[in-house]
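Colleague: Mind looking at a prediction? Sequence and model below.
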Amino acid sequence: MKFKYRKIKVALIVAMAAVTLNSCNDSFFDAQPDNLLNIETIFSNRAQTENYWGGLYAQIPDIWDQPYNYTFSATTDEVDISNWQEFPLNSGAVTADNVSTPYVNMYNKIRQCGIFINNVDKCQELLEAENGPTLIKQYKAEAKFLRAFYYWHLMKLHGPVVIMPLDSDEAAGNNYQIPRSSWDESVKFVIDQMNEAAADMPDEFYQEGTTTINGTQIGRINKMIVEAVKSEITLFSASPLYNGNTDLANWKNLDGKQLISQSKDNNKWATAASQAKTAIDLAEANGKKLYVKKGANDFETAFLSTRDVFWDQAGYTTEGVWIRPYTNRTQWESHSAPRAVTGTPYNGMGVIQELVDDFRMQDGLDPNQFPGYSETTYAAAGNDYYVAGTNNMYTKREPRFYSYITFNGSKIIGAPKSGMTRVEFYPTGNSGKNGSPRDWPKTGYTARKNINPTYSMSPSVVVNRSAMLIRLSELYLNYAEALNESQPNNPDVLKYLNAVRTRGGIPALTTGLSQDQVREAIRRERRIELVFEGKRFFDVRRWKVADKPGYVQGGVYYGMDMNRGTSLSDPAFHKRTPVLNRARWNNKYYFMPWSQAEIDRNKQLVQAPGF
């Protein structure tokens with residue numbers, strides 16, 4: 001499907017603000033969109049109409065902005081930031097009285113989307129413009145998708161949601177005593193809305209008469225994005241948390257309606273597999289593929305490909321399916337880069353040892369299976385990734401380890417301070433505990449993913465980039481997971497899983513593995529490939545494994561001993577040490593509660609279990 005579009009600046013189209021769990025807890029029932037009392041004025045003018053439409057994008061998350069990443073990485077077994085901030089979810093103190101989630105902002109945007117859909121046809125200036133009816137149809141489709149997406153974001157956090165009347169204009173004076181829809185009803189609603197929206201969208205936005213992507217339209221919702229988001233929805237819906245979860249048998253509305261299905265339906269996995277393949281096929285038909293950047297050898301190729309995909313324009317436009325045209329990457333870089341970088345970044349995004357251990361060796365084996373793996377010996381020589389004297393627990397690891405993790409002895413990511421060549425996390429080292437009261441990682445590691453090699457904090461040297469909210473590698477893993485659950489012997493399972501593995505520089509898996517073994521391999525691959533991208537928080541929940549070994553959310557986590565050691569090769573530093581003691585996992589944390597104030601207002605709204 002092709003349309004003609006006038007060029008509109010991305011800054012106007014996508015005024016995207018980061019979604020955080022730090023929004024106020026005022027009633028969404030009382031919230032009003034901007035200029036609600038001047039609707040006729042807004043929709044009498046094309047510029048104001050398109051401004052209103054652009055504002056509908058404002059709650060799409062920025063996954064690399066500090067508030068979002070703090071929430072969805074620092075409350076999982078990925079990173080720690082407790083030198084700066086602690087979360088009620090980590091301390092076990094979260095309650096319905098103090099929970100902060102973006103539900104107010106989401107419902108505000110949901111209502112504004114409805115107002116736009118119901119009123120954009122009144123804009124005579126837009127209707128009479130060149131290609132005006134087509135523009136209006138497209139704008140309405142985007143608003144319809146965004147309304148459904150904001151519901152979906154709430155569903156990921158809160159489970160079954162309250163679905164508001166679609167006719168927002170008439171609903172303004174209604175009595176909003178509305179119960180939750182069931183999970184399956186909520187899923188059907190958002191999928192149906194997205195299907196309706198997709199019917200009036202192009203597959204991709206190309207320059208007129210060409211197959212070249214129109215750079216001014218990056219970020220606008222197209223059919224590829226819709227199908228990719230539907231892949232996530234169907235994958236979640238098939239997962240154990242939502243599919244036959246008898247632990248939630250008592251989660252019912254006041255009228256007795258069951259909110260989570262009590263009967264496992266394996267057909268949901270088949271639906272998720274089909275949807276993932278649909279999304280992949282559409283993306284690939286429009287030029288999407290896994291990004292590969294050639295290096296001097298296979299190892300360097302894997303390293304460069306997984307490192308540079310986040311800031312090379314050729315990388316994120318090749319692999320990114322849903323691209324956010326602007327990201328506040330300075331927050332991520334400044335908080336993750338070591339103090340050895342020019343300008344002295346904050347150096348406190350501490351990567352947890354359990355994540356470090358999940359990265360494999362260069363031959364794909366686990367560290368404890370790799371001949372010669374040692375935590376008590378040190379490298380005699382350095383290379384492009386670490387210096388001589390580095391502990392051998394960090395040598396001969398898979399390429400993504402060097403793309404994503406900064407460790408004691410690693411080469412400095414970014415522009416080094418004068419005379420410095422390596423990162424030192426031992427107490428007196430250039431990024432160690434003694435050099436700053438708070439700006440050091442409790443674990444002895446920081447995050448390296450999506451930090452540009454030229455980064456300098458001061459003078460500021462940054463590389464502007466987009467953010468990939470969904471990329472093709474994720475869709476490949478979605479498909480492999482769903483197909484392994486529905487058709488475990490289908491050759492596509494290993495085909496798509498291995499595509500991600502081999503691009504990452506580790507050998508392909510061969511046939512003969514059990515369904516359970518492949519399941520664990522897929523989950524491990526998501527853990528590594530998608531780390532720090534906001535996926536782990538939801539994966540461990542939808543799999544219903546947050547209390548299981550290898551997935552435990554909470555309790556004691558380990559790192560290196562940041563209080564000991566005086567040199568790069570000092571064994572005293574390289575000792576596994578309990579560094580975090582978070583509250584033990586409680587099953588009530590599978591869903592976030594509604595604010596108690598909202599429960600008090602809406603008498604039909606039942607609380608999440610355990611709150």
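Modeller: All right, it came through fine. Please read all numbers here as calculations on a predicted model, not as lab measurements.
Colleague: Tell me how far the residue most central in space within the chain lies from R465.
Modeller: Taking CA atoms, centre = their mean as the criterion, G534 is the residue nearest the geometric centre of the chain, at 2.9 Å. From G534 across to R465, the span is 17 Å (CB to CB, to the nearest Å). Glycine gets a C-beta too; all of them are placed from N, C-alpha and C.
Colleague: Now do the helix ranked longest in the chain: which elements does it pack against?
Modeller: Using DSSP state H to define each element, the chain has its longest helix at helix 132-158. If contacts are counted by 3 or more CB pairs under 8 Å, 6 or more residues apart in numbering; DSSP states H and E, helix 132-158 sits against helix 46-55, helix 103-119, helix 124-127, helix 183-198, helix 223-238.
Colleague: Just the mean pLDDT for that helix, thanks.
Modeller: The average pLDDT within helix 132-158 is 97.
Colleague: The residue nearest to the centre of the chain: what's it in contact with?
Modeller: Each residue near G534 by CB atoms under 8 Å, 6 or more residues apart in numbering is listed here: 61, 63, 68-69, 72-73.
Colleague: so which of those residues comes closest to A197?
Modeller: Distance to A197 across the contacts of G534 (CB to CB) is lowest for P61, with 19.1 Å.
Colleague: Do I have it right that that closest one meets K156?
Modeller: No - between P61 and K156 there is no contact under CB atoms under 8 Å: 10.8 Å.
Colleague: which one of the two has more residues nearby?
Modeller: Taking other CB atoms under 10 Å, P61 and K156 do not tie; P61 has more neighbours (22 against 16).
Colleague: Next, that one: secondary structure please.
Modeller: coil (DSSP: H, G, I helix; E, B strand; the rest coil).
Colleague: mind checking pLDDT for it?
Modeller: pLDDT for P61: 94.
Colleague: Same question for V79.
Modeller: Looking at V79, the pLDDT reads 97.
Colleague: Ok, the one 4 residues further on next?
Modeller: The pLDDT attached to N83 in the predicted structure is 96.
Colleague: which residues does it contact?
Modeller: For N83, the contact set (CB under 8 Å, 6+ apart) comprises 348, 350, 438-442.
Colleague: Filter the residues you listed down to the buried ones.
Modeller: 348, 350, 439-442 (16 or more other CB atoms under 10 Å).
Colleague: which one of those residues sits closest to M592?
Modeller: Ranked by distance to M592 (CB to CB), these are led by G350 at 24.2 Å.
Colleague: which SS class is the residue nearest to that closest one when sequence neighbours are not counted?
Modeller: Spatial nearest neighbour of G350, excluding adjacent residues (CB to CB, 6 or more residues apart in numbering): P441 at 3.2 Å. Here P441 is coil, with the state taken from three-state DSSP.
Colleague: I figured P441 was touching P345, is that so?
Modeller: No - contact criterion CB under 8 Å: P441 and P345 do not qualify, at 11.7 Å.
Colleague: distance between the ends of stretch 207-226?
Modeller: One end of stretch 207-226 sits 20 Å from the other (CA to CA, to the nearest Å).
Colleague: can you check stretch 128-136 too?
Modeller: This stretch, stretch 128-136, spans 11 Å end to end (CA to CA).
Colleague: what do you get for stretch 210-229?
Modeller: Across stretch 210-229, the terminal residues are separated by 26 Å (CA to CA).
Colleague: Could you give me the buried positions within it?
Modeller: For stretch 210-229, a neighbour-count test (16+ other CB under 10 Å) marks 213, 216-229 as buried.
Colleague: about what we covered before: mind listing what the residue nearest to G350 touches?
Modeller: Contacts of P441 (CB under 8 Å, 6+ apart): 80, 83, 347-351, 425, 559, 562.
Colleague: Next, the buried residues of the longest helix of the chain.
Modeller: Going by neighbour count (16+ other CB under 10 Å), the buried part of helix 132-158 is 132, 135-136, 138-158.
Colleague: got the contacts of G534 as JSON lines, with distance to A388 columns?
Modeller: Output for those, formatted as JSON lines (distance: CB to CB, whole Å):
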{"residue": "P61", "distance to A388": "42"}
{"residue": "I63", "distance to A388": "36"}
{"residue": "Y68", "distance to A388": "39"}
{"residue": "N69", "distance to A388": "33"}
{"residue": "F72", "distance to A388": "37"}
{"residue": "S73", "distance to A388": "32"}
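Colleague: of the buried residues of stretch 210-229, closest to Q124?
Modeller: In terms of CB to CB, no member of the buried residues of stretch 210-229 lies closer to Q124 than R220, at 23.7 Å.
Colleague: which SS state does the closest one fall under?
Modeller: Reduced to three states by three-state DSSP, R220 is coil.
Colleague: State the distance from it to G92.
Modeller: In this view, R220 and G92 are 42 Å apart by CB to CB.
Colleague: What separation do you get for the closest residue to N581 other than its chain neighbours and A93?
Modeller: Distance criterion CB to CB, 6+ apart; nearest residue to N581, sequence neighbours excluded, is V556 at 5.4 Å. Using CB to CB, V556 is found at 18 Å from A93.
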